[in-house]
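J.: Just need the structure, nothing else, for what follows:
(chains A and B)
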Protein chains: 2
Amino acid sequence: MSHSTDISIGLLLFPALTQLDLTGPYEVFTRAPDTKVHLIWKNLDLVVSDRGMAIQPTTTFNACPALDVICVPGGPGQINLMEDEEVLSFIRAQSKQAKLITSVCTGALVLGAAGLLDGYKATTHWASLGQLELLGAEPVNERVVRDRNRITGAGVTSGIDFALNVVSEIFGSDIAQNIQLHMEYDPAPPFNCGSPRSASEEQLKKAQQQVAPFIEKRLQATLKAAAKLHK
Amino acid sequence: MSHSTDISIGLLLFPALTQLDLTGPYEVFTRAPDTKVHLIWKNLDLVVSDRGMAIQPTTTFNACPALDVICVPGGPGQINLMEDEEVLSFIRAQSKQAKLITSVCTGALVLGAAGLLDGYKATTHWASLGQLELLGAEPVNERVVRDRNRITGAGVTSGIDFALNVVSEIFGSDIAQNIQLHMEYDPAPPFNCGSPRSASEEQLKKAQQQVAPFIEKRLQATLKAAAKLHK
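T.: Modelled structure (predicted):
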């Protein structure tokens, strides 16, 4: 049992996730005072990311305590989560008492499939933004979007900005600033091309072509999830 | 054996590392074409980060192939590496043929203890910058520092900027920009306080006080390593 004053934050750790969607926020959250961060999956077996990093869950759906913050990261494996009733039920059940229901990257589409973004403003990875609407959300092209108790982050690296915002919300800006300084988060990207707004037309077209097969496959999953929600 | 055209990049994965020092660059490097990324430790047992994340190494010192890029991340566990001859010998041996010898955060002090920064400009986490000099390096207060084939990154989150620079160096800016766009690396820190230059005096003093015991303990390790180098 966690101490009654502790904040408990749970990150879903699922096969073929994009590990930085999770490890960025994890680094921020674990630096917050009196905070227990859980890495949650169906069992405690090692989970392998989309690019091969094996990370161990710290708790399971059954053993996980009531969370104050639930966070769903993204990555190609999120497609499977969108039709996995065990996963969706877990998220829905935790969301009943969680203070904040959150996601990073394409994790937003899992929240959407669980029916948790219906009527909410939200964001996700730029290449997936359009599909949020099919799940009842209002897509907002920003890095971190808050609507009532939903906080969603854009693609991959946005998880760091997202998590600092969450910590600021829960613990105040002094603590968030302290963490930002310890993490030396004073970014200096080598190029100005990290979003469709700033990338060259050529770069954007190339990246869109590269993700097109995945986006098309995920459209089917999104349509299926949407049909279930509206039944 | 890796294919002869493959680039092989090795990241040291050691107990009590700061996982984001490694997971940031890992996310960038694994998106580079024809690249094999190794997570290297003494054995294949799970390695636990300073804040409790358990990650599995993919290879060992003995089994690791010749690396094109060797990268040492930081975190409190790096103190132990500075006097671990097995670790220092591995790094020195790999450095003989590696094209790039690199570090993120306080990993620079491990490179320094291996004698690999003597006469080189380098950077590290802001709170540790002063100690680089004791190991013969010339500290430079920048986010990513290159001197000949040494590339060092500043604290924690700088690993993303660092890795994009490394990819740009090896594969060209087109590939690096493609990765930056896929990772939606268009940072929007909630505060302007991520470096000693930008943080308030109060925030800086508080953070300095928090790390002081570690910095003092590490000074002893640095002095010991320096004495060994000059023997």
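J.: Low-confidence stretches in chain A?
T.: A:1-5 (pLDDT under 70).
J.: Mind doing that once more with 50?
T.: Counting by pLDDT under 50, the ranges of chain A that qualify are A:1-3.
J.: For A:E201, give me its contacts.
T.: For A:E201, the contact set (C-beta atoms under 8 Å, 6 or more residues apart in numbering or on different chains) is empty. Placement of C-beta: from N, CA and C, glycine included.
J.: what helix or strand is A:A93 on?
T.: helix A:85-97 (DSSP states H and E).
J.: what does that helix contact?
T.: A:10, A:12, A:14, A:40, A:42, A:61, A:64, A:66-67, A:70, A:72, A:81-82, A:101, A:110-111, A:113-116.
J.: distance of A:T59 from A:E216?
T.: Separation of A:T59 from A:E216 (C-beta to C-beta, to the nearest Å) stands at 35 Å.
J.: Which one of those two is surrounded by more residues?
T.: Shown here are A:T59 and A:E216; by other C-beta atoms under 10 Å in any protein chain shown, A:T59 has more neighbours (16 against 9).
J.: Quickly note the distance from that one to A:F14.
T.: 14 Å.
J.: What residues of stretch A:103-116 count as buried?
T.: A:103-116 (16 or more other C-beta atoms under 10 Å in any protein chain shown).
J.: ok, the residues you listed vs chain B, which is closest?
T.: Closest approach between the buried residues of stretch A:103-116 and chain B, by C-beta to the nearest C-beta: A:C105, at 7.8 Å.
J.: was I right about A:E169 contacting A:T102?
T.: No - judged on C-beta atoms under 8 Å, A:E169 makes no contact with A:T102 at a distance of 10.2 Å.
J.: residue contacts, A:I9?
T.: So A:I9 contacts A:F29, A:T35, A:K36, A:V37, A:H38, A:L67, A:D68, A:V69, A:I70, A:C71 (C-beta under 8 Å, 6+ apart).
J.: out of those, which touch chain B?
T.: A:V37 (C-beta under 8 Å from any C-beta of the partner chain).
J.: Redo the contacts of A:I9 as a markdown table? Include neighbour count and secondary structure.
T.: Converted to a markdown table, the contacts of A:I9 look like this (neighbours: other C-beta atoms under 10 Å in any protein chain shown; DSSP: H, G, I helix; E, B strand; the rest coil):
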| residue | neighbour count | secondary structure |
| --- | --- | --- |
| A:F29 | 25 | helix |
| A:T35 | 18 | strand |
| A:K36 | 20 | strand |
| A:V37 | 23 | strand |
| A:H38 | 21 | strand |
| A:L67 | 22 | coil |
| A:D68 | 19 | coil |
| A:V69 | 26 | strand |
| A:I70 | 28 | strand |
| A:C71 | 31 | strand |
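J.: just to revisit the earlier point, export the buried residues of stretch A:103-116 to CSV and append columns for secondary structure and distance to A:L164.
T.: Converted to CSV, the buried residues of stretch A:103-116 look like this (DSSP: H, G, I helix; E, B strand; the rest coil; distance: C-beta to C-beta, whole Å):
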residue, secondary structure, distance to A:L164
A:S103, strand, 16
A:V104, strand, 12
A:C105, coil, 16
A:T106, coil, 21
A:G107, helix, 17
A:A108, helix, 18
A:L109, helix, 23
A:V110, helix, 22
A:L111, helix, 20
A:G112, helix, 24
A:A113, helix, 27
A:A114, coil, 25
A:G115, coil, 28
A:L116, coil, 23
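J.: quick one: which of those residues is nearest B:P189?
T.: A:V104 (15.7 Å; C-beta to C-beta).
J.: hang on, the closest one packs against A:T23?
T.: No - between A:V104 and A:T23 there is no contact under C-beta under 8 Å: 10.4 Å.
J.: which residues touch the nearest residue to A:M183 once chain neighbours are set aside?
T.: Nearest non-adjacent residue to A:M183, counting by C-beta to C-beta, 6 or more residues apart in numbering or on different chains: B:V156, 4.4 Å away. Residues in contact with B:V156 (C-beta under 8 Å, 6+ apart) are A:27, A:182-185, B:18, B:20-21, B:24, B:74, B:104-105, B:125.
J.: Contact partners for A:G136?
T.: A:G112, A:G115, A:L117, A:D118, A:G119, A:Y120, A:A226, A:L229.
J.: For the fifth one, which non-adjacent residue is spatially closest?
T.: What sits nearest to A:G119 in space, not counting adjacent residues and going by C-beta to C-beta, 6+ apart, is A:G136, at 6.2 Å.
J.: What of the fourth one?
T.: Residue nearest to A:D118 in three dimensions, not counting chain neighbours: A:G136, with 3.5 Å by C-beta to C-beta, 6+ apart.
J.: Quick check: beta-bridge partners of A:R150?
T.: A:R150 has these beta-bridge partners by DSSP bridges: A:I101, A:D147.
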